[in-house]
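*Asks:* fold the following and give me the result.
(one chain, ligands or ions: 1)
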Amino acid sequence: MALLDIHNLVVEFQTASGPFRAVDGVSLHVEEREVLAIVGESGSGKSVSMLAVMGLLPWTATVTADRMTFNGRDLLKMSPAERRKIVGKDMSMIFQEPMASLNPCFTIGFQIEEVLRFHMGMDKAQRRARAIELLKQVGIPEPEDRLNSFPHQMSGGQCQRVMIAIAIACNPKLLIADEPTTALDVTIQKQILDLLVSLQAKYGMGLIMITHNMGVVAETADRVIVQYKGRKMEEADVLSLFESPKSNYTRALLSALPENAVGDRLPTVSDMMFEPAPSGAGA
Ligand SMILES: Nc1ncnc2c1ncn2[C@@H]1O[C@H](COP(=O)(O)OP(=O)(O)OP(=O)(O)O)[C@@H](O)[C@H]1O
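*Replies:* All right, here's what the predicted structure looks like:
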């Protein structure tokens with residue numbers, strides 16, 4: 001049984017100019033202990049599909065699917081109260097902008113402990129001990145002192161480490177990382193990716209890595225889904241995707257990597273999207 005199993009997910013937003021379909025029939029599954037990358041350019045519906053799984057979309061969104069289960073439980077039939085018990089505990093998500101995800105008015109100690117209080121019912125001493133342990137696990141030095149810091153007193157990389165600490169606080173079965181390194185300095189990006197992958201391996205979590213960066217895909221994923229304009233274009237294990245991409249869009253993404261440059265100008269995605277598909281291309 002897959003940890004997360006989604007079939008034919010559609011998300012539509014009501015907008016001033018009428019309904020807008022951001023996700024159009026996406027199916028995917030993630031197994032326990034598996035790293036799945038969802039890759040695609042900005043606006044391809046990667047975040048919206050995962051926010052639908054988490055139940056975090058605004059009221060203007062309509063979510064439908066033939067099937068959406070997590071750990072054998074039907075997310076479509078679950079009440080909001082039941083969903084709140086799972087989100088942040090059994091499945092959690094980290095976002096692109098760590099500064100914006102943390103509450104600037106509370107210390108990071110309070111924000112970590114709040115998750116432990118809400119989901120695990122720990123008392124004050126237990127929460128503090130666990131918060132220190134979590135900060136150590138994500139590589140924050142002098143964790144006892146850092147518990148009293150506010151987000152603005154920490155760097156972007158440290159804030160992302162705190163977000164990761166909050167996300168793994170309750171030992172989730174599934175962690176969704178939405179462009180977790182995009183807002184960070186290049187030198188810090190690799191450290192955060194290494195941290196995520198090592199925590200995933202250590203705790204045996206399923207990990208969904210949302211990214212537009214093929215380098216991140218190559219370094220982290222077991223399997224890859226390529227999304228374009230709300231649709232799944234291709235799904236493959238990571239080696240097959242790089243060695244023999246089937247859809248025009250995947251080939252376009254790979255050709256646009258600087259290391260694949262031939263000639264003076266890199267091809268763009270639109271240069272390649274109107275070529276006939278190769279025989280046997282995945283849709
Ligand atoms: N609340 C909303 N109302 C209307 N449209 C929305 C809303 N949220 C997202 N969208 C639209 O849905 C589409 C998919 O957005 P999404 O954030 O999932 O893209 P993405 O692939 O994750 O890209 P990015 O890497 O930029 O986050 C975009 O066109 C976006 O503008």
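*Asks:* phi, psi of residue 154?
*Replies:* phi -120, psi 160 (degrees, to the nearest 10).
*Asks:* so what's the residue count around it?
*Replies:* Residue 154 is flanked by 19 other residues according to other Cβ atoms under 10 Å. For every residue, glycine as well, the C-beta is placed using N, CA and C.
*Asks:* helix or strand for the residue lying closest to residue 147 once chain neighbours are set aside, which one?
*Replies:* Spatially, and ignoring its direct neighbours in sequence, residue 147 is nearest to residue 109 (3.1 Å; Cβ to Cβ, 6 or more residues apart in numbering). Element membership for residue 109 (DSSP states H and E) is helix 108-115.
*Asks:* again, but for residue 251
*Replies:* Per DSSP H and E: helix 248-255 holds residue 251.
*Asks:* what is the mean pLDDT for that helix?
*Replies:* Averaging pLDDT along helix 248-255 gives 86.
*Asks:* do the same with stretch 185-197
*Replies:* pLDDT averaged over stretch 185-197 gives 90.
*Asks:* same check, this time on stretch 159-166
*Replies:* So the average pLDDT for stretch 159-166 ends up being 95.
*Asks:* for it, C-alpha coordinates in PDB please.
*Replies:* These are the backbone C-alpha positions of stretch 159-166, laid out as PDB (Å, rounded to 0.1, in the frame of the first residue of the first chain):
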ATOM      1  CA  CYS A 159      15.500  29.600   9.900                       C
ATOM      2  CA  GLN A 160      15.100  26.800   7.300                       C
ATOM      3  CA  ARG A 161      16.800  24.400   9.800                       C
ATOM      4  CA  VAL A 162      14.200  25.500  12.400                       C
ATOM      5  CA  MET A 163      11.400  24.900   9.900                       C
ATOM      6  CA  ILE A 164      12.800  21.400   9.300                       C
ATOM      7  CA  ALA A 165      13.000  20.800  13.100                       C
ATOM      8  CA  ILE A 166       9.300  21.800  13.400                       C
END
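*Asks:* need the contact partners of it.
*Replies:* Applying Cβ atoms under 8 Å, 6 or more residues apart in numbering, the contact partners of stretch 159-166 are 92, 94-95, 98-99, 101-102, 108, 111-112, 115, 131, 134-135, 137-140, 151, 154, 180-181, 184, 188, 192, 195-196, 199.
*Asks:* make sure residue 177 is indeed in a strand.
*Replies:* Yes. Under DSSP: H, G, I helix; E, B strand; the rest coil, residue 177 falls within a strand.
*Asks:* ok, now which ones touch it?
*Replies:* So residue 177 contacts 93, 94, 196, 207, 208, 209, 210 (Cβ under 8 Å, 6+ apart).
*Asks:* among those, which lie within strands?
*Replies:* Mapping the contacts of residue 177 onto strands (DSSP state E) picks out 93, 94, 207, 208, 209, 210.
*Asks:* please look at the first one and residue 50 and confirm they touch.
*Replies:* Meaning residue 93. Yes. The pair residue 93 / residue 50 is scored as a contact, 6.7 Å apart, by Cβ atoms under 8 Å.
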